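J.: Make a model of this:
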Amino acid sequence: MKIKDVVSALERFAPLPLQEDYDNAGLQIGLTEAEISGALLCLDVTEQIVDEALSRGCNLIVSHHPLIFRKLSRVTGEDYVQRTVMKAIRSNVAIVSMHTNMDSARGGVNYKIAEKMGLSGLRFFGETQLVNNGETDAEGNPVGVEGGQGVTGELQQAMAADDFVRMLKHTFGLECVMCNQLLRRPIRRVAVCGGAGAFLLGDAISAGADAFVTGEMHYHDYFGHEQQIQIAVIGHYESEQFTNEIFKSIIEERCPGVACHLAQTNTNPIIYL
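T.: Predicted coordinates:
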């Protein structure tokens, strides 16, 4: 099995055309014709992640957040991105990132968050699109992959707002949840957008959600929604921490025999004191 086979499997699940215009998902570093020795699956790529890949005998890193997000005008080792690029190249470690395309894909990041919360009846909200993943069906027709900016679903049982917040803390291992005024009606329908999802708050309200769960929002976004919707902001890293489980299931199903390792290095730059 070659690295390019794993990259192809990931991109068939979450085609690159699903990514946002500002994004830089896909192959970041490396030669994909090499035989794969193992894949390390993570959220962010740092020097420590490359070290972990090497210690586990992996020559492929699959990350959610792209290491190279903005254009590199030079590679001199002056910041962690440049140093990580240099270390990966010296070590013959390939890096591929599945970012907003994996956020948007059916079964992707937002679906995983909803799954962890036990939501059912999942459906997209916000903007949706349908793209070709390069495959064809039995009749030779192109296979489409649907994507959407966010996902809504129903809790198994309606919950009071304080119980809902406690459930989030337990499920995602949180120190705290940033909320607006607690809702004084039961929460049943929940809208989800991993990472920085403030832009979808209005769409969540239009979708009839009782609560909106995301990774980060700005201060002023909380104003004006008292008793309209329960805002619950759980942290960017925390909201997307299970993304590597998606990578693992895709690779194990479509590339059997490839050794997959969930990264043990915590790359969250934020601590709570």
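
J.: what's near enough to touch L27?
T.: V7, A94, I95, V96 (Cβ atoms under 8 Å, 6 or more residues apart in numbering). For every residue, glycine as well, the C-beta is placed using N, CA and C.

J.: closest to D21 among these?
T.: V96 (19.7 Å; Cβ to Cβ).

J.: what pairs with that closest one across the strands?
T.: V96 forms beta bridges with L27, V62, as assigned by DSSP bridges.

J.: wait, doesn't it sit right on N24?
T.: No - look at V96 against N24 with Cβ atoms under 8 Å: they stay out of range, at 11.4 Å.

J.: who's more crowded, the two?
T.: Set side by side, V96 and N24 show more neighbours around V96, with 25 against 15, by other Cβ atoms under 10 Å.

J.: Check the gap between that one and L40 for me.
T.: 11 Å (Cβ to Cβ, to the nearest Å).

J.: where do the contact lists of those two overlap?
T.: Residues within reach of V96 and of L40 at once, by Cβ under 8 Å, 6+ apart, are L60, I61, V62.

J.: The first one - nearest residue in space that isn't next to it in sequence?
T.: If the residues on either side of it in the chain are set aside, L60 comes closest to A39, at 4.5 Å by Cβ to Cβ, 6 or more residues apart in numbering.

J.: Can you pull the phi and psi angles for the one you found?
T.: Note on A39: its backbone torsions stand at phi -120, psi 130 [degrees, to the nearest 10].

J.: State the pLDDT value of it.
T.: You'll see A39 listed with a pLDDT of 98.

J.: And the strands in the stretch 151-273 of the chain, which stretches?
T.: 178-179, 187-196, 211-216, 230-233, 260-262 (DSSP state E, counting those that start in this stretch).

J.: so what strands line up beside the fourth one?
T.: For strand 230-233, the paired strands and their directions (DSSP bridges) read strand 178-179 (antiparallel), strand 211-216 (parallel).

J.: ok, residues contacting the first one?
T.: Residues from elsewhere that reach strand 178-179, judged by Cβ under 8 Å, 6+ apart: A161, V165, M217, Q230, I231, A232, V233, I234.

J.: Tell me how many other residues surround the first one.
T.: To tie it back to what came earlier, the one meant is A161. Neighbour count for A161, taken as other Cβ under 10 Å: 19.

J.: what residue ranges in the chain score low on pLDDT?
T.: Filtered on pLDDT under 70, the chain yields no residues whatsoever.

J.: buried stuff in stretch 188-196?
T.: For stretch 188-196, a neighbour-count test (16 or more other Cβ atoms under 10 Å) marks R188, R189, V190, A191, V192, C193, G194, G195 as buried.

J.: give the contact list for the second one.
T.: Contacts for R189 were tallied using Cβ under 8 Å, 6+ apart; they are T152, G153, E154, L155, A207, G208, A209, D210, A211.

J.: Who does it form a beta bridge with?
T.: The bridge-partner assignment for R189, based on DSSP bridges, gives E154.

J.: Now do the same for F124: helix, strand or coil?
T.: The local conformation at F124, judged by DSSP: H, G, I helix; E, B strand; the rest coil, is strand.

J.: For it, which non-adjacent residue is spatially closest?
T.: With sequence-adjacent residues excluded and distances taken as Cβ to Cβ, 6+ apart, F124 is closest to G148, at 2.7 Å.

J.: Which residue, neighbours along the chain excluded, lies closest to Q156?
T.: G118 (5.7 Å).

J.: same thing with V143?
T.: E135 (4.2 Å).

J.: Confirm the one you found sits in a strand?
T.: Yes - under three-state DSSP, E135 sits within a strand.
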